[in-house]
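Novice: Structural data only, the sequence is not supplied:
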């Protein structure tokens, strides 16, 4: 049976993940908590809006209402990488070469490994940023589509148009597809070899969480009473194919998903705090956590896939150990 080590914090958990296999919890009040030989706390921001791991997984990158981009590691020190006063940092992405991208208002910025900064202004507000798998290309989600930049060159950007507000963006691990979540209850995608459109609709709620499976064959998503898992293995991706549905419940919506780093399974978190794990192949499901306080807002596995860290909208956090 899985065992749970609870951590009762106060406030919305924006991001829960392992940094060097140590559980980190980034809260909206700007504090970062970690379970490293006891409970330790760092005040990183005056209001925290977004968090992602550095590409090597050794640091937590965070952006705040204070205009700061910071990194926090196992030493607990929040190191400021950049500050743009009076701007809210609403999106972050990390590239393999050490570059990072962040966004505020109508601009995205790329900070190179040498510390130099390049701004990419847009006509409408920037909602999400993502680097392509090799890190050379940056996707910027915006109103009515996505703009693709080459940050290291002065080449013209590529515009991918689709009407509506696109609020986050992700590349498939094999760089064949680009997918956005939308303000409406839908995903939109493009096959990058020919920019062919892909529509993924039918959600009763907005998709706020997604996760690629270990080999990139599946994209698991929240926003329905089940985890909706789209197939991306074939040449056409999900076009003309029905998604898998795992963990269907009649009384609670899926609020967070996290694919396992080794196996073809996914952790499914719900709006009532419950967590299941489901397997893609035979659709078998196992209960990891009974309902608790608040919706699951973030989940991530450790590198071995033995532990799952989770946070909720009210700070009811913890670590699930599934190793037998």
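Specialist: Perfect, I can see it now. The model shown is predicted, which means the values in this text are computed figures rather than measured ones. Residues are numbered from 1 along each chain as shown.
Novice: list the contacts for residue 96?
Specialist: Residue 96 is in contact with 55, 131, 133, 134, 135, counting by C-beta atoms under 8 Å, 6 or more residues apart in numbering. From N, CA and C alone the C-beta is placed, and that goes for glycine too.
Novice: Buried ones among those?
Specialist: 55, 131, 135 (16 or more other C-beta atoms under 10 Å).
Novice: For the closest residue to the second one other than its chain neighbours, grab phi and psi.
Specialist: In other words, residue 131. In space, residue 131 comes closest to residue 95 once its chain neighbours are excluded; the distance is 4.3 Å by C-beta to C-beta, 6 or more residues apart in numbering. Phi and psi for residue 95, reported as degrees, to the nearest 10, are phi -110, psi 160.
Novice: Is residue 95 in contact with residue 52, as I believe?
Specialist: No. Assessed by C-beta atoms under 8 Å, residue 95 is found out of contact with residue 52, at 11.0 Å.
Novice: neighbour-wise, which of those two wins?
Specialist: Comparing residue 95 with residue 52 by other C-beta atoms under 10 Å, the one with more neighbours is residue 95, at 24 against 21.
Novice: ok now do the more buried one, which residues does it touch?
Specialist: Contacts of residue 95 (C-beta under 8 Å, 6+ apart): 55, 101, 131, 135.
Novice: Check residue 148 too.
Specialist: 137, 138, 139, 140, 157, 158, 159, 160.
Novice: who wins for most neighbours among the residues you listed?
Specialist: Result: residue 139 is most packed of these (other C-beta under 10 Å), 27 neighbours.
Novice: Can you tell me how far that one is from residue 99?
Specialist: 14 Å (C-beta to C-beta, to the nearest Å).
Novice: cool, residue 2 as well?
Specialist: Counting by C-beta to C-beta - residue 2 and residue 99 are separated by 37 Å.
Novice: Likewise for residue 28?
Specialist: 26 Å.
Novice: So which of these two has more stuff around it?
Specialist: residue 99 (22 against 19).
Novice: pretty sure the more buried one is touching residue 115, no?
Specialist: No. With contacts counted by C-beta under 8 Å, residue 99 stays clear of residue 115, the gap being 10.5 Å.
Novice: just to revisit the earlier point, mind checking which of the contacts of residue 148 are in strands?
Specialist: Among the contacts of residue 148, the members falling in strands (DSSP state E) are 138, 139, 140, 158, 159, 160.
Novice: Out of those, the closest to residue 278 would be?
Specialist: Closest approach between these and residue 278, by C-beta to C-beta: residue 139, at 28.7 Å.
Novice: got the contact list for the closest one?
Specialist: 129, 130, 131, 132, 146, 147, 148, 169, 171, 178.
Novice: Can you check the pLDDT for it?
Specialist: Note on residue 139: pLDDT of 98.
Novice: Would you mind naming the residues that bridge with it?
Specialist: Under DSSP bridges, the beta-bridge partners of residue 139 are residue 130, residue 148.
Novice: What sits closest to residue 185 if chain neighbours are left out?
Specialist: Counting by C-beta to C-beta, 6+ apart, the residue nearest residue 185 is residue 203, at 4.1 Å.
Novice: Any figure for the gap between the nearest residue to residue 171 once chain neighbours are set aside and residue 302?
Specialist: Sequence neighbours aside, residue 132 is the residue nearest to residue 171 in space, at 5.1 Å (criterion: C-beta to C-beta, 6+ apart). Separation of residue 132 from residue 302 (C-beta to C-beta): 26 Å.
Novice: do the same with residue 4
Specialist: From residue 4 over to residue 302 (counting by C-beta to C-beta), the distance is 15 Å.
Novice: Much appreciated, bye for now.
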